[in-house]
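J.: Quick one, structure for this:
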Amino acid sequence: MPKSKTISVFEHERLTLKSEPNFTVKLFEQLEKYHGINGTPYFSLIHKGVKFNQYVGVIQVGDTAIEVLPKTDRSTLDKKIWRDVLIQMLRITSGIEAASTSKSDLRLQRNSIFDLYIELFIKECERLTHQGLAKKYRKVKENQTALKGRLHIPGQIRDNIIHKERFHVEYSKYDFNHLINQILKKTLVVLSQIPIRSDLRSRVKSQLLYFEEIEDCTVNEQMFNQTYLNRKTERYSEALEIARLILLNYHPDISKGSNHVLALMFDMNQLWERFITKMMRRHLSDKYQVKAQSNKVFWRSESSRKRLKPDILLIPKDESGKKIVVDTKWKTPTKNRPSDNDLRQIFAYNRLFKSHDGVLLYPGTEKQVTGKYETEFGGSCTLQTINVLDHSGKLITNDFLLDTFSQNLMQ
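T.: Sure, this is the predicted structure:
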């Protein structure tokens, strides 16, 4: 297998044939095909290149990985620092931070953002096969020599006008060959066809042995929407979430078969929101109930309704505390001033959720700007930036991350 190459860029950057020697015409053509007629949110096409949007992660094209890294500003442009930041954020938000070991860290290669999610999916599969794959009832239609179940009249007329000794039957079968297991098998098959680390490839092949009797399937978004989990299959939720991410962003190279495209990309705004939510639950849960994505109806008509949904709602456990609405923003505020739309958004949140204080939380050098709403309802909105990196360039995940924010809560 050819040695894999990695191209590293930052979000919102351009990648052109002139700017990067490893970005070849062949790669550009594959990205053009992936972009297609309907486009993709991950990047836009420009003259002889692409411009990336607010999504970060990895796009694997054949044996080349294009990693798109986050950044808060232009002051720190060390790609190794921001690669480590992204990996750590993904670990924390996906719940695998505690599962990582120093031994696995040593195996991480430059395209480790890609390896991270592949390894997480394999771990989920290994857990499921160790516990035993779930069985489900499914409807089966077969043409056979014995009458089993219910005679399927249309099939009997179509197939057995001449063969009177056969029966086209329909019955329920309880086995492993159902949609959920088919999706996992399809994901493993895809991973076996793309360049991944040799140790991960070996684990993929081992897992495929458990799915030998399960049929292959063609996966689309509608199929995932039809997948319902119950008490017995709830343990599949994490594996299905990653399978959805992989399969819906996989484009096989039908013509040549060697330049498959797989994108594992994450909206940086959503990733920042989930990271802050995790950190608040870790460090503020003794004083606040941290609720993510709470929503309330703020407008309704006979045929529809509209809801407002703040990123985070802090509800004090002490009656003397104050409720606070937090809206996270992965961007640098212009001249340390919130935009008009952001201020209106916090005002609406304050009114609907009966909160007197709102916070717009940005990454960056610690600053705080608080303003009062000049209305009869009052209320405030604070623009708060917090340091993401420590002095050594590592992601802050301890109490210091929310130090300034916590101090403001006590005021």
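J.: Count the residues that sit near residue 199.
T.: For residue 199, the neighbour count with other CB atoms under 10 Å is 13. Where C-beta positions appear, they are placed from N, C-alpha and C, glycine not excepted.
J.: in the stretch 101-250 of the chain, which ranges drop under the pLDDT threshold?
T.: 101-111, 149, 156, 164, 171, 173 (pLDDT under 70).
J.: Break down it into its strands, ranges please.
T.: 136-144, 150-151, 167-175, 250-251 (DSSP state E, counting those that start in this stretch).
J.: Mean neighbour count, those: which tops it?
T.: Of all the strands of the stretch 101-250 of the chain, strand 250-251 carries the top mean neighbour count, a mean of 18, counting by mean count of other CB atoms under 10 Å.
J.: Direction included, what does that strand pair up with?
T.: Applying DSSP bridges to the sheet, strand 250-251 is found paired with strand 261-267 (antiparallel).
J.: how about the partner strand as PDB, C-alpha atoms only?
T.: Extracted as PDB, the C-alpha positions of strand 261-267 are listed here (Å, rounded to 0.1, in the frame of the first residue of the first chain):
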ATOM      1  CA  VAL A 261     -13.100   9.900  -0.600                       C
ATOM      2  CA  LEU A 262     -14.100   9.900   3.000                       C
ATOM      3  CA  ALA A 263     -14.700  13.000   5.000                       C
ATOM      4  CA  LEU A 264     -14.800  13.100   8.800                       C
ATOM      5  CA  MET A 265     -15.600  16.700   9.300                       C
ATOM      6  CA  PHE A 266     -17.100  18.600  12.300                       C
ATOM      7  CA  ASP A 267     -18.800  22.000  12.500                       C
END
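J.: And this protein, split by domain according to the record?
T.: Domain ranges of the chain: 5-130+180-205+220-267, 136-175, 284-409, per automatic domain parsing.
J.: With respect to residue 213, which of the ones you listed lies nearest?
T.: Closest to residue 213 of these, according to CB to CB: domain 136-175, at 8.1 Å.
J.: Just the buried residues of the top helix by length along the chain, please?
T.: The single longest helix within the chain, with elements called by DSSP state H, is helix 112-131. Applying a neighbour-count criterion of 16 or more other CB atoms under 10 Å, one finds 112-125, 128 buried in helix 112-131.
J.: what's the answer for stretch 307-321, then?
T.: 308, 310, 311, 312, 313, 314.
J.: With stretch 63-78 instead?
T.: In stretch 63-78, counting by 16+ other CB under 10 Å, buried: 64, 65, 66, 67, 68, 69, 70, 71, 72.
J.: Closest one of these to residue 201?
T.: residue 65 (15.4 Å).
J.: isn't that closest one right up against residue 83?
T.: No. Using CB atoms under 8 Å, residue 65 makes no contact with residue 83, being 11.4 Å away.
J.: Show only the entries of the buried residues of stretch 307-321 found in strands.
T.: 308, 312, 313, 314 (DSSP state E).
J.: Switch the residues you listed over to TSV; also include distance to residue 188.
T.: Formatted as TSV, these follow (distance: CB to CB, whole Å):
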residue	distance to residue 188
308	41
312	36
313	39
314	42
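J.: Disregarding flanking residues, what is the spatial nearest neighbour of residue 172?
T.: For residue 172, ignoring the flanking residues on the chain, the nearest one in space by CB to CB, 6 or more residues apart in numbering is residue 137 at 4.9 Å.
J.: beta partners for the one you found?
T.: residue 174.
J.: before we move on, the earlier item: quick one: which of the buried residues of helix 112-131 is nearest to residue 146?
T.: Nearest to residue 146 out of these is residue 128 (CB to CB; 34.4 Å).
J.: For that closest one, which residues are in contact?
T.: 184, 235, 236, 239 (CB atoms under 8 Å, 6 or more residues apart in numbering).
J.: Spit out the contact partners of the residue nearest the centre of the chain.
T.: Nearest residue to the geometric centre of the chain (CA atoms, centre = their mean): residue 266, 5.4 Å. Applying CB under 8 Å, 6+ apart, one finds that residue 266 lies in contact with 55, 56, 57, 90.
J.: again, 10 Å this time
T.: 42, 54-58, 68, 70, 86, 89-90, 93, 113, 117, 245, 274 (CB atoms under 10 Å, 6 or more residues apart in numbering).
J.: Okay, and which of the residues you listed map to helices?
T.: Using DSSP H, the contacts of residue 266 in helices are 86, 89, 90, 93, 113, 117, 245, 274.
J.: Turn those residues into CSV, including distance to residue 262.
T.: Shown next, in CSV, are the ones in helices among the contacts of residue 266 (distance: CB to CB, whole Å):
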residue, distance to residue 262
86, 17
89, 20
90, 16
93, 20
113, 12
117, 10
245, 10
274, 22
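J.: tell me which of those residues is nearest to residue 24?
T.: Distances from residue 24 to the ones in helices among the contacts of residue 266, taken by CB to CB, are shortest for residue 113, at 21.5 Å.
J.: residues in contact with the closest one?
T.: By CB under 10 Å, 6+ apart, the neighbours of residue 113 are 6, 56-58, 65, 67-69, 83, 86-87, 90, 264-266.
J.: do residue 342 as well
T.: 327, 329, 333, 358, 360, 381, 383.
J.: Over the host helix or strand of it, what's the mean pLDDT, rounded is fine.
T.: Of the helices and strands defined by DSSP states H and E, residue 342 is found in helix 340-352. The average of the pLDDT scores along helix 340-352 is 94.
J.: which parts of it are buried?
T.: 342, 343, 345, 346, 347, 349, 350, 352.
J.: where do the helices sit along the stretch 201-350 of the chain?
T.: 221-225, 237-247, 268-283, 340-352 (DSSP state H, counting those that start in this stretch).
J.: Check the offset of the last one from the chain's centre.
T.: Averaging C-alpha positions (CA atoms, centre = their mean, to the nearest Å) puts helix 340-352 27 Å from its chain's average.
J.: same deal with the second one?
T.: Computed by CA atoms, centre = their mean, the chain-centroid distance of helix 237-247 equals 9 Å.
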